[in-house]
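Q: Here you go, sequence then predicted model.
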Amino acid sequence: MSASKPIHYAEILNGLSEYLKHIDERNVRIIRAMCKYGLNISRVAKEAGLPLTSVKYRMDKLINNGLIRLVAKINFSRIGIRTVAAMLYKPQIPGDYLLDILAEANQYLSYASKCFSNSNSIYTIHRIPIGHEVDFEAYLNELKKLNLIRDYEILWATGSYYFPPGFEWFDFKGKVWVSRWSDWVKEIDRASAILPKSLNSIGNVVFKIDSVDSEMLYRLEMNATVNISEVASQINISPQLARYHYLKHLVETGIVEGFSAVVTPYPLQLLAPAIFFLEFPNNTLMSKFINSLSGKPFAHSVIRVANENKVISQFFINAVEIVQFLKILNSLIDIGVIKDFSYFLLDLSRFYHGTLPYNALKDGVWIYSHNEYVERLKAVSERIVEKMKTASTISFKHY
């Protein structure tokens, strides 16, 4: 594990100036159009009201400069997959090694990151076949039995949602973000009490997908900037057949619900990425709070916890404003909007991000090999822990 690099603030501030230069009215129109049409340049250009060549040039710069990341919105419940978040508390070995173990042991791991609060933890998201909930809880319990973690908390989800990018807080003339925290608090009461549809996805009709569908979903998960013709070439089918599968099997069934353009308001060095566990007195207040976040520059995504008025929200907050943000949340507790909250700062210096294991789809059925994952967990953990012992003089007591 390498030592962290020294921070050069002048370099970061110069980078900030360059970063914010890319936010202008035309790029904002393009970003909003990309949320509807992805990388369909002709439709993006028509929606944005800009020349095709200009749109292509600007889209390439937005993506290449890291201002925007395009994400395919996939309704996993429609293909028989359920999302589950888990907090792995007090790893008993260094977090980087535990990330390696988790990534190798269970192929249904979607995301894992170290995070910090009053103690070190690992935040994970798995997407597992519906019907294997008990198996998955047993799998997490094996982590305790192997003394890899002290404890865990499991949070089954009913859906997830990416917030659309918003620029209401951006001063285009001054090229600065202007945080309007008090205005946001007022907006909560006026917000809609109807949750975004994708947060109520459990109970949807499950569609059987074939090998072509699964190949296309895999590539969309890997890189949502890929176009249909490129996918067709990669999986050796005609562009016409690829478009048919995409439109008829994935879009019309609601499996692919569109795209989301994820925009971070500042370079990552100036952000405090965090996950917040937010609990509400009732469903109405939870819905209003979630809808009030739409278009806010710090709001990234939200996962709704099943059978509770509770969500897990990922935020990218300006590091110098994290205290102000916490004050706002505490004021919302005071006026009864929020019941309680806790949070963890994410360490994005190293994390795991994966796709569904589409090779585990056999004749339209997802195979979840619980015993195999447990045995692999034991073997991988034994190998990595032994490697860690011989390669380092670190004493692993409590991490």
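A: Sure thing, it's come through. Residues are numbered from 1 along each chain as shown.

Q: who does the nearest residue to F76 once chain neighbours are set aside bridge with?
A: Excluding the flanking residues, the one nearest F76 by C-beta to C-beta, 6 or more residues apart in numbering is R127, at 5.5 Å. Using the backbone N, CA and C atoms, a C-beta is placed for each residue, glycine as well. Counting by DSSP bridges, R127 is bridged to T83.

Q: can you give me the strands in the stretch 151-300 of the chain?
A: 170-171, 176-177, 256-263, 271-279, 299-305 (DSSP state E, counting those that start in this stretch).

Q: With mean pLDDT and distance to Y162 added, can I get those strands in JSON lines?
A: Output for the strands of the stretch 151-300 of the chain, formatted as JSON lines (pLDDT from 0 to 100; distance: least, C-beta to C-beta, whole Å):
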{"stretch": "strand 170-171", "mean pLDDT": "92", "distance to Y162": "19"}
{"stretch": "strand 176-177", "mean pLDDT": "90", "distance to Y162": "20"}
{"stretch": "strand 256-263", "mean pLDDT": "86", "distance to Y162": "4"}
{"stretch": "strand 271-279", "mean pLDDT": "95", "distance to Y162": "15"}
{"stretch": "strand 299-305", "mean pLDDT": "95", "distance to Y162": "5"}
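
Q: contacting residues for the residue nearest to F76?
A: Neighbouring residues of R127 by C-beta atoms under 8 Å, 6 or more residues apart in numbering: F76, I81, R82, T83, V84, Y108, S110, L356.

Q: most tightly surrounded among the strands of the stretch 151-300 of the chain?
A: Each of these was assessed for mean neighbour count using mean count of other C-beta atoms under 10 Å. The highest is strand 299-305, with a mean of 22.

Q: Each with direction, which strands does that one pair with?
A: Paired with strand 299-305 in the same sheet, following DSSP bridges, are strand 149-162 (antiparallel), strand 310-318 (antiparallel).

Q: Any chance you could list what contacts that strand?
A: Residues contacting strand 299-305 (C-beta under 8 Å, 6+ apart): 83, 85, 125, 155-163, 195, 199-200, 262, 290, 293, 310-316.

Q: and the angle from that strand to strand 271-279?
A: 30 degrees (axes from the mean of the first three to the mean of the last three C-alpha atoms, to 10 degrees).

Q: low pLDDT regions in the stretch 251-399 of the chain?
A: 392-399 (pLDDT under 70).

Q: hey, where'd the helices end up in it?
A: For the stretch 251-399 of the chain, the helices defined by DSSP state H, counting those that start in this stretch occupy 283-292, 322-334, 370-391.

Q: looking at these, which is closest to I149?
A: Nearest to I149 among the helices of the stretch 251-399 of the chain is helix 370-391; the distance by C-beta to C-beta comes to 10.9 Å.

Q: buried ones in the closest one?
A: H370, Y373, V374, R376, L377, V380, S381, I384, V385, M388 (16 or more other C-beta atoms under 10 Å).

Q: Format the helices of the stretch 251-399 of the chain as a markdown table; extra columns: distance to V178.
A: Rendered in a markdown table, the data for the helices of the stretch 251-399 of the chain read as follows (distance: least, C-beta to C-beta, whole Å):
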| stretch | distance to V178 |
| --- | --- |
| helix 283-292 | 18 |
| helix 322-334 | 13 |
| helix 370-391 | 47 |
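
Q: isn't G364 right next to D210, touching?
A: Yes - if you go by C-beta atoms under 8 Å, G364 and D210 touch, sitting 7.1 Å apart.

Q: Who has more neighbours out of the two?
A: More crowded of G364 and D210, by other C-beta atoms under 10 Å: G364, with 15 against 12.

Q: Over to the more buried one: give its phi and psi.
A: phi 80, psi 0 (degrees, to the nearest 10).

Q: okay, which residue is most central for the protein?
A: S301 (6.2 Å; C-alpha atoms, centre = their mean).

Q: Determine the number of other residues adjacent to the residue lying closest to Y373 once chain neighbours are set aside.
A: Excluding the flanking residues, the one nearest Y373 by C-beta to C-beta, 6+ apart is N106, at 4.7 Å. Residues near N106, counting by other C-beta under 10 Å, number 25.

Q: for S342, same thing?
A: 12.

Q: Let the chain start at 80 from now.
A: Fine by me, first position is 80 from now on; the one you just mentioned is S421.

Q: For it, list each beta-bridge partner.
A: With DSSP bridges as the rule, S421 is bridged to F356.

Q: what about it, distance to Y345?
A: 24 Å (C-beta to C-beta, to the nearest Å).

Q: and N197, what does it touch?
A: Contacts of N197 by C-beta under 8 Å, 6+ apart: none found.

Q: Work out for me the element it sits within.
A: Using DSSP states H and E, N197 sits within no helix or strand.

Q: Show the model's pLDDT score for it.
A: If you check N197, the pLDDT there is 76.

Q: do you know how far S239 is from K169?
A: The gap separating S239 from K169 is 26 Å, by C-beta to C-beta.

Q: Next: T363.
A: From T363 to K169 the distance is 36 Å (C-beta to C-beta).

Q: list the contacts for the closest residue to P352 other than its chain neighbours?
A: Nearest non-adjacent residue to P352, counting by C-beta to C-beta, 6+ apart: L425, 4.4 Å away. Listed by C-beta under 8 Å, 6+ apart, the contact set of L425 reads S192, K193, C194, Y202, P352, A353, I354, Q393.

Q: same check, this time on Y231
A: A165, M166, L167, Y168, L219, N220, L222, K223.

Q: what about N397, distance to Y231?
A: Counting by C-beta to C-beta, the gap from N397 to Y231 is 31 Å.

Q: With W256 instead?
A: W256 is 37 Å from Y231, by C-beta to C-beta.

Q: can you check L456 too?
A: Between L456 and Y231 the computed distance is 13 Å (C-beta to C-beta).

Q: Look at the residue lying closest to L408 once chain neighbours are set aside and say how many residues are nearby.
A: By the measure of C-beta to C-beta, 6+ apart, the closest residue to L408 outside its immediate chain neighbours is F420, 5.6 Å from it. Neighbours of F420 under the rule other C-beta under 10 Å: 18.
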